[in-house]
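1. Need a 3D model of the following:
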Amino acid sequence: MKVPENIKAIAELKPNLMGFIFYPKSPRYAEPLDVETLSSLPQNIKKIGVFVNEDLQRILTLVYKYKLDGVQLHGSENAEICKQLKDTGLLVLKAFPIAEAYNFKVTGNYEGVCDYFLFDTKTDAFGGSGVKFDWTILDEYQGETPFLLSGGIAADDVEAISKIKHPKFAGIDLNSKFEISPGLKNVELLEGFLKQLKV
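-> Numbering: from 1, shown residues only. Alright, predicted model coming up:
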């Protein structure tokens, strides 16, 4: 998210989390954001800054500047960075690229220092590919940390999502398939999807 009017329109749909990308190489790079728009968001919508291998001090500077509630780490950040951020009171999400079930093994190092894991499709680049991985391998995840599902989720995935019964499945990350252009969401498409999903 980065466009003030679009941010306000999506807020009307009452998402739990709203993401703002602070990775300069991303087409969704959000800086500079309108501080007034962010401060007007309801408190129950958590503002999440998305970072890739960013310096800890810069993360904290942006958290303070925009009064972010949490961070989503999309690079090769170690568990210590996650712990330091969590110790400040932030909600911490750590993204893991998934291609096969053995990719879940690395999550063990991050137990207890993240609030959520984000399972995304494994690609050569950082960030989303807009492509799904095989969701049946989610059954192989045996960790204690709840997870969010990402990677090419589209408006016609309601039935497939409803079939995921993993006890740690906590939600979905909706991005590129609901965009008009990078960082600009299609409000009507998203609203229709959420109604179908009955969230």
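2. got a list of what the residue nearest the centre of the chain touches?
-> Residue closest to the mean C-alpha point of the chain, counted by C-alpha atoms, centre = their mean, is D173 at 5.4 Å. With contact set as C-beta atoms under 8 Å, 6 or more residues apart in numbering, D173 has these partners: 19, 118, 120, 148-150, 153. For every residue, glycine as well, the C-beta is placed using N, CA and C.
3. what ranges do the helices span in this protein?
-> 4-11, 35-39, 56-66, 79-87, 158-162, 187-197 (DSSP state H).
4. related to what we said a few turns ago, which members of the contacts of D173 are classed as buried?
-> In these, burial by neighbour count holds for 19, 118, 120, 148-150, 153, counting by 16 or more other C-beta atoms under 10 Å.
5. May I see those arranged in JSON lines, with distance to P42 and pLDDT as well?
-> Formatted as JSON lines, these follow (distance: C-beta to C-beta, whole Å; pLDDT from 0 to 100):
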{"residue": "G19", "distance to P42": "16", "pLDDT": "97"}
{"residue": "L118", "distance to P42": "23", "pLDDT": "96"}
{"residue": "D120", "distance to P42": "27", "pLDDT": "90"}
{"residue": "L148", "distance to P42": "20", "pLDDT": "97"}
{"residue": "L149", "distance to P42": "24", "pLDDT": "96"}
{"residue": "S150", "distance to P42": "23", "pLDDT": "92"}
{"residue": "I153", "distance to P42": "24", "pLDDT": "92"}
